[in-house]
Structure formats: structure tokens, C-alpha cells
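Trainee: Give the three-dimensional model of this entry:
(one chain, ligands or ions: 1)
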Amino acid sequence: MPRHAEIAGAGLAGLTAAAALCRRGWTARVHERMPSVRIVGSGLSIFENGLRVLKAVDAEDDSVRDARRGLVRETRDAYGNTTSQMSYSGRMYEITRKQVASALAAAAERAGAEIVTGSTAIAADPEGVLHLENGRSMKADLVLAADGIHSRVRDSLRLPMRRQPLADGAIRIMIPRSVEEAQTPDGKMNVEYWSGTRRILVAGCSDTELYVALTALDSDSEAKTLPIKKNVWKKSFPFLDALIDRLDGEARWDRFETVKMPRWSSGRVVVLGDAAHAMAPNLGQGGACAMMNALALAVELETAQDVPAALTAWEQRERPLTDHTQRWSTFYSALTTWPDRMRSLAFATVTGVPWLRKQPLRAMNHIPTGTT
Ligand SMILES: Cc1cc2nc3c(=O)[nH]c(=O)nc-3n(C[C@H](O)[C@H](O)[C@H](O)COP(=O)(O)OP(=O)(O)OC[C@H]3O[C@@H](n4cnc5c(N)ncnc54)[C@H](O)[C@@H]3O)c2cc1C
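Mentor: Numbering: from 1, shown residues only. Have a look, this model is predicted:
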């Protein structure tokens, strides 16, 4: 009999796990509370490590089709001067979330997974039962709580955990861009502008789609207001006024948060992705860590018969990289509160000292389990 997984959440973590488990002989059912797998959303940077996972679950081609391959990321000061430049030795694509989620959903279904939309999970039992809002309870060899940072399934387990709001957050918005704009030198890279505690990340996702993230302190009520207060942002970035004028359409503010749990599993239930280890998005690795851990979990379970023991072994092997990445992205968020000069000095130090330079890049240079 194939072993069976019930999965709460059709995000990057849940869909990767479903595809990877089904490719290893499991059956899997994914419950997504929304009426469809993510149909809107902003941009995502997916580096070599994430791309390798997408390839391993047969979702890479669909994910990167027409996406922009990035080579360089720059930080610039309030006057547009470059303060640091990082070029990637591996691959990096800037992709819309919708495209990655659709690619993963298609790969999961090709592998045999069932995706049930409009199905909300509310709790799980460590013996391997997932409870749904509609009153049904589903028995499984493995239950995955991959229902994101606000995970109800994780909370139902009453495992120790700490959710810590960070000082900053971001408004994310997608706007159209022209092919000519995409061909300019700036159009081919990701640029993050800093002005005091405010920053603007500009990253093209394709020839026609531009992702803009406006990051500010949560206490900066003018900057986080929606609809975007263009004059407030223009005051901080006067030379970006033409771009700021284009920031119309659907946008959302999210405060950055970290989730830390001393253990990611209880019996036959595992907490996966943001539900277990949400991190500030500064290194562009939250989604990649979710996908790496999901694939590694399926690899671990391929031969292991004792599910709880396999979950412990998997966590011991995979967790140190996620913890390291979370620490460095939290440090980057802390820089937001530093005075401009100290921050520039910190960037110069991190990029100038070889050992330090490697630390924030460790996850993106990692060869994930199951991808060799
Ligand atoms: C501003 C910002 C920028 C980011 N940029 C990047 C980046 O460039 N690169 C990167 O790798 N990561 C990035 N991240 C992080 C990345 O978005 C997350 O780490 C990733 O989405 C986590 O995936 P997940 O599947 O764990 O959770 P989610 O993506 O949150 O998916 C959870 C899913 O579960 C569903 N759900 C929720 N509750 C229930 C329920 N009770 N029952 C059933 N379904 C439920 C939700 O609708 C959702 O579909 C960024 C994050 C932010 C905030």
C-alpha cells in the first residue's frame, strides 16, 4: 500500500512536498483554503538552490518560462550612488509567485497529488489526523502543516514556538513595464535604494512586469499607508519620482516576522515552510528554504519506515542552514534602524571580508538534498 500524506496549504512548501512525495510512491492530498492556488502575488527571487529543487520536482521549466534571469544586485543610497554590488555566480530568476505556484501545482498533479481548493484545515493530531473546518477528519501516515506564517494547524499542536515581529515590513506591488525599459542596464538587475529607514527594491520579473517593494519601519505610518502615499515616498527618493508615479493598482503591506520553533514535528505531524521558520525576506531565501526542506523531507521518507524517527533525522540534517539564513536575514532587517553611514559601513564590511561575504550567500550556494 502506498503511504499517504494530508497537507494543509498549497503554497511553495505544501506543493513541493506533494510533488516530491508522490514522485516517491506516496499519495498526497493538499488542502488549500482559497478558491484556487495563488492567483495573484508579487515577485520572487529564486536562486540556484531553489531552481534545483524546482527541477527535481519537474517544475523548473514552467517556473522560469519568460522570467528574467538576474545577474547583479545593487544597493544604492538616497542619491542613487551605488553602495554595494553583488553578482551571482549561480543562476537567479526573478519570477512572479503566481507562475511558481502554478508550475508547482501542475507538477504535483502530474505526479498524482490531489489538490482540494476551498478546504480549510484547522488542527492536527500527532497520531496522523488532519481536521478540516467542514467537520471531516483525514487519517494519514504523515500530516504536513504548510499553511503559512499564521498556521492554524501548527498552533493546534501546542508545540513551543516564538513569533517575533520585526521592525520593518513592505508594500509589494506589480506594475507593467515596457520591453525597452527591460533592456536598460538597470532593467536587467535588481536594485535596492536606501533613504534613511525607507528602501525601494526594483526588480523586473519579465519584459513586461516590474516588481516593486517599498520597505519601511512598521512605526512609519505614512510610508505603510495604502493606497501608496506617493508624495511621502517621493520626498525620500526624489530621483525616483517617475517610477513612484507609476505605482498604481493592487498592493499589500506585510510586516516582517520570524517564527522559531525548538522542534518542527510532533509524532506524525510536521510543520513546514513559513509555518515553522518564517523569516524576513531580505535574502530572498524564505521560499527556497521552504522548498529545500520539503524536498529533503520526501527524500528522507523514501526509505525510512518509522515516520516520527525520519522527521527527527530530517530536521537534524536540514535545520542548521535554515536557522543560519533566518539569523542573517534578521540582521539585515536590523540594519534598517541604523544610521545611513553605519549601514553603508556594515555593507562595505560584509561585502569586503571574504568569510563574511559568504554567510548571507550560504543558502543560495547550497546544493539541496535530493538535487544531485
Ligand atoms: C515581502 C516578501 C518578499 C519575499 N521575497 C522572497 C523571495 O524573493 N524569495 C524567496 O524565496 N522567498 C521570499 N519570500 C518568502 C516567501 O514568500 C515565503 O517563505 C514562502 O511563500 C513560504 O511558503 P509557504 O508555502 O510556507 O507559505 P505560504 O506561501 O504562505 O503558503 C501557505 C498556503 O496555505 C494556505 N493556507 C493558509 N491557512 C490555511 C488553512 N488553515 N487551511 C488550508 N490552507 C491554508 C494559504 O492560502 C497559502 O496558499 C518573501 C516574503 C515576503 C513577505
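Trainee: So what's the gap between the longest strand that the chain contains and the chain middle?
Mentor: Using DSSP state E, we find that the single longest strand of the chain is strand 162-176. Centre-to-centre, strand 162-176 and its host chain are 12 Å apart (Cα atoms, centre = their mean, to the nearest Å).
Trainee: Use 183 as the first number for this chain going forward.
Mentor: That works, and once the first residue is 183, the last one we named lands at strand 344-358.
Trainee: What pairs with that strand, parallel or antiparallel?
Mentor: Strand pairing for strand 344-358, determined by DSSP bridges: strand 391-399 (antiparallel), strand 433-442 (antiparallel).
Trainee: Does the ligand have contacts with it?
Mentor: Yes - interface with the ligand: strand 344-358 contributes Ala352, Arg354 (Cβ under 6 Å from any ligand atom). Where C-beta positions appear, they are placed from N, C-alpha and C, glycine not excepted.
Trainee: What are the buried residues along that strand?
Mentor: Leu348, Ala349, Asp350, Gly351, Ala352, Ile353, Arg354, Ile355, Met356 (16 or more other Cβ atoms under 10 Å).
Trainee: Repeat that for stretch 390-405.
Mentor: Result for stretch 390-405 [16+ other Cβ under 10 Å]: buried residues Glu391, Leu392, Tyr393, Val394, Ala395, Leu396, Thr397, Ala398, Leu399, Asp402, Ala405.
Trainee: Give me the distance between the closest residue to Ala190 other than its chain neighbours and Ala322.
Mentor: In space, and not counting its chain neighbours, Ala190 is closest to Ala303: 3.5 Å by Cβ to Cβ, 6 or more residues apart in numbering. Ala303 is 12 Å from Ala322, where distance means Cβ to Cβ, to the nearest Å.
Trainee: Between the two, which contacts overlap?
Mentor: Leu312 (Cβ atoms under 8 Å, 6 or more residues apart in numbering).
Trainee: more crowded one of these two?
Mentor: Ala303 (26 against 23; other Cβ atoms under 10 Å).
Trainee: and that one, what are its bridge partners?
Mentor: Bridge pairing for Ala303 - DSSP bridges - gives Leu314.
Trainee: Contact partners for it?
Mentor: Contacts of Ala303 by Cβ under 8 Å, 6+ apart are Ala190, Gly191, His213, Arg215, Leu312, His313, Leu314, Glu315, Ala327, Asp329, Arg334, Val335.
Trainee: circling back: mind putting the strands paired with strand 344-358 into TSV with distance to Pro502 and mean pLDDT?
Mentor: Supplementary listing: the strands paired with strand 344-358 in TSV, determined by distance: least, Cβ to Cβ, whole Å; pLDDT from 0 to 100:
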stretch	distance to Pro502	mean pLDDT
strand 391-399	28	96
strand 433-442	14	95
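Trainee: do you know which of those strands lies nearest the ligand?
Mentor: Within those, the stretch nearest the ligand is strand 433-442; the backing value is 4.7 Å (Cβ to the nearest ligand atom).
Trainee: ok, residues contacting the helix or strand following that closest one?
Mentor: Remark: after strand 433-442, the chain's next helix or strand is strand 447-448, criterion DSSP states H and E. With contact meaning Cβ under 8 Å, 6+ apart, strand 447-448 is reached by Pro308, Leu339, Leu341, Val453, Pro490, Leu493, Thr494, Glu497.
Trainee: Stretch 257-268 too?
Mentor: By Cβ under 8 Å, 6+ apart, stretch 257-268 touches 254-256, 373-378, 418-419, 421, 522, 526, 529-530, 533.
Trainee: What about those residues, which are in strands?
Mentor: Using DSSP E, the contacts of stretch 257-268 in strands are Val254, Arg255, Glu256, Val373, Glu374, Tyr375, Trp376, Ser377.
Trainee: what is the last one paired to in the beta sheet?
Mentor: Translated: Ser377. In beta-bridge terms (that is, DSSP bridges), Ser377 pairs with Arg380.
Trainee: same deal with the third one?
Mentor: Residues in a beta bridge with Glu256, per DSSP bridges, are Gln267, Val373.
Trainee: isn't it right up against Glu374?
Mentor: Yes - at 7.2 Å, Glu256 counts as touching Glu374 under the criterion of Cβ atoms under 8 Å.
Trainee: how about the nearest residue to the residue in the stretch 333-482 of the chain that the ligand sits nearest to, chain neighbours excluded?
Mentor: Ranking the residues of the stretch 333-482 of the chain by distance to the ligand (Cβ to the nearest ligand atom) places Gly455 first, at 2.2 Å. With sequence-adjacent residues excluded and distances taken as Cβ to Cβ, 6+ apart, Gly455 is closest to Ala195, at 2.7 Å.
Trainee: and what of Arg220?
Mentor: Ala283 (4.1 Å).
Trainee: Identify the residues contacting that neighbour.
Mentor: Ala192, Gly193, Leu194, Leu197, Val219, Arg220, Gly223.
Trainee: could you list every residue that touches the fourth one?
Mentor: Spelled out, it's Leu197. By Cβ under 8 Å, 6+ apart, Leu197 lies in contact with Val212, Val219, Ala283, Leu286, Ala287, Ala289, Ala290, Ile297.
Trainee: mind giving me CSV with those and columns for pLDDT and distance to the ligand?
Mentor: CSV is the format used below for the contacts of Leu197 (pLDDT from 0 to 100; distance: Cβ to the nearest ligand atom, whole Å):
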residue, pLDDT, distance to the ligand
Val212, 98, 9
Val219, 90, 7
Ala283, 96, 8
Leu286, 98, 9
Ala287, 98, 10
Ala289, 98, 15
Ala290, 98, 12
Ile297, 98, 11
